[in-house]
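**Student:** Let's see this in three dimensions:
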Amino acid sequence: MPGYIEDRWTKAGPVDPKTKKPTRVKTDLYEKCKRYRVCGIPGVRKRSFDRKADAETWKSKVQADLLRGEFVDHRDGNVTLEEYVTTEYWPTKTGDPGTLQTIEIRINTRILPYLGGQSLNAIKVPQLRKYLADLDGRYGPATIIESWGTLSSILQAAVDDERIPKNPCLAKTVRPPSKPERKARAWTRERVAAVREGLDDRFKVMVDLGVGAGLRQGEVLGLSVDDVGEDVIHVRRQVRIVRNRQVFSLPKGGKTRTVPLPEYLAKRIAEHMSRFPPVVVTLPWTNPAEPQNAKQAAERAPQTHRLLISGERRQGALRRSAFNEGPWKRALVAAGVIPPPAPRVPQPRRPDGTRPRPNTKHAAAPDDGFHALRHTFASVQLDARESVVAVSRWLGHSDPSITLKIYAHMMPEADGRGRAAMDAWFSRSS
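**Tutor:** Numbering: from 1, shown residues only. You can find the predicted model right below:
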């Protein structure tokens, strides 16, 4: 294998007349740099060392790695993490615009502020331990796990780009915290009725669709009158926010589905439409950004649908955040699910003499969001011993195992039936 070690401090001099051997004379670099330099290996940049033994070791390792096709020059990792992300990693990232926005925010707020200034080859296990400790002081386990996963994906891309030899996030001695188990909780019939009663009339059907058909909130907001059949609901789209703009897109997972329409829910929908006629809404499809070519223009072409639920003053689609922090939280208060907000406290006047509007913030309700209605739908179906495969299909899960993982604890008398089966089995064998 080609390659040799060059002595940068000395060079061949005249032959010694006594010994008849060449002498060594000092070069202009004597004691001004590292003495030994590995040279002559095709495709590998030269590298200098203080000790000849170190140069020999490195040369042998590089030659072996080249033979195996595993050589990575560590100096390619001198670029900072922020430079690598902004110039190489992110510009080539593709996928769902909403998901990309979430990842971009995660990178800019929970990765680059902590590690962005460090070079790729300087991010080792000690740096990752400190990173996790810094996050632990600010965020919960779920947020840390998401950030860790994104960081690991970036560093794995750097490995694949031959910037660094291995991904330090895969080390066995550094791990993000475990995500605490949170079981899905269903609401009682009384709570569902109380929350529904606390909503404005035009929003009551949202509760009916959530608990009666298991629709996600975005799917309720994107439901058109044309999606309601005689005995089924076609879940074809959702309304979501991308770059602070509303868009239509496929339901979560990119899958449409059909859900049974109970008779009572059909009546509730009919009553709602008689009082609040559907509103025609036009939104971009999937991505609100200006298309750059004909393909993007076709993919993002706006769609128009007659929505059952509309926004303020019955114009446009309802914004999820406005609903959740307004009508929904007020309904939770009315139902006694969360306490009422603290009284408004007057704020001091600004320098210009005006007084800012006092803020009133409702209590957090992570387990009592709109998704609790979907859990209730699943609970009712499983309690009625409906097939897990069918429930999974109605919920839009990609696999029944996901449904079991989330809702297995809601399946009735699982242990009781198991004991009875074993008792029957032993009684037959005795």
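**Student:** Contacts for stretch 259-272, please.
**Tutor:** 202, 204-205, 208-209, 212-215, 228-233, 235, 308, 394 (CB atoms under 8 Å, 6 or more residues apart in numbering). To be clear about C-beta, it is placed using only N, CA and C from the backbone, and glycine gets the same treatment.
**Student:** Only the buried members of the residues you listed: can you turn that into a PyMOL selection?
**Tutor:** Those of these that meet the burial criterion (16 or more other CB atoms under 10 Å) are gathered into one PyMOL selection, given here:
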select buried, resi 202+204+205+208+209+212+213+214+215+228+233+235+308+394
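**Student:** quick one: residue 30 from residue 13, how far?
**Tutor:** Relative to residue 13, residue 30 is positioned 13 Å away (criterion: CB to CB, to the nearest Å).
**Student:** Need the overlap of contacts for the two.
**Tutor:** Counting by CB under 8 Å, 6+ apart, residue 30 and residue 13 have no shared contacts at all.
**Student:** circling back to that earlier point, among the contacts of stretch 259-272, which are in helices?
**Tutor:** The subset of those located in helices under the criterion DSSP state H comprises 204-205, 208-209, 212-213, 394.
**Student:** Closest to residue 177 out of those?
**Tutor:** Proximity of the ones in helices among the contacts of stretch 259-272 to residue 177 was ranked by CB to CB; the top entry is residue 394 with 33.8 Å.
**Student:** all strands of the stretch 251-400 of the chain, in order?
**Tutor:** Secondary structure of the stretch 251-400 of the chain by DSSP state E, counting those that start in this stretch: the strands cover 257-260, 279-283, 303-307.
**Student:** Residue 350 is nearest to which of these?
**Tutor:** Residue 350 lies closest to strand 279-283 among the strands of the stretch 251-400 of the chain, at 37.5 Å (CB to CB).
**Student:** Now do the closest one against strand 303-307, angle only.
**Tutor:** An angle of 150 degrees separates the directions of strand 279-283 and strand 303-307 when computed by axes from the mean of the first three to the mean of the last three CA atoms, to 10 degrees.
**Student:** Could you export the strands of the stretch 251-400 of the chain as a markdown table, including mean neighbour count?
**Tutor:** Formatted as a markdown table, the entries for these read as follows, by neighbours: other CB atoms under 10 Å:
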| stretch | mean neighbour count |
| --- | --- |
| strand 257-260 | 17 |
| strand 279-283 | 17 |
| strand 303-307 | 18 |
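**Student:** how about those strands in JSON lines, adding distance to residue 363?
**Tutor:** Compiled in JSON lines, the strands of the stretch 251-400 of the chain are given as follows (distance: least, CB to CB, whole Å):
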{"stretch": "strand 257-260", "distance to residue 363": "32"}
{"stretch": "strand 279-283", "distance to residue 363": "32"}
{"stretch": "strand 303-307", "distance to residue 363": "30"}
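**Student:** Perfect, that will be all.
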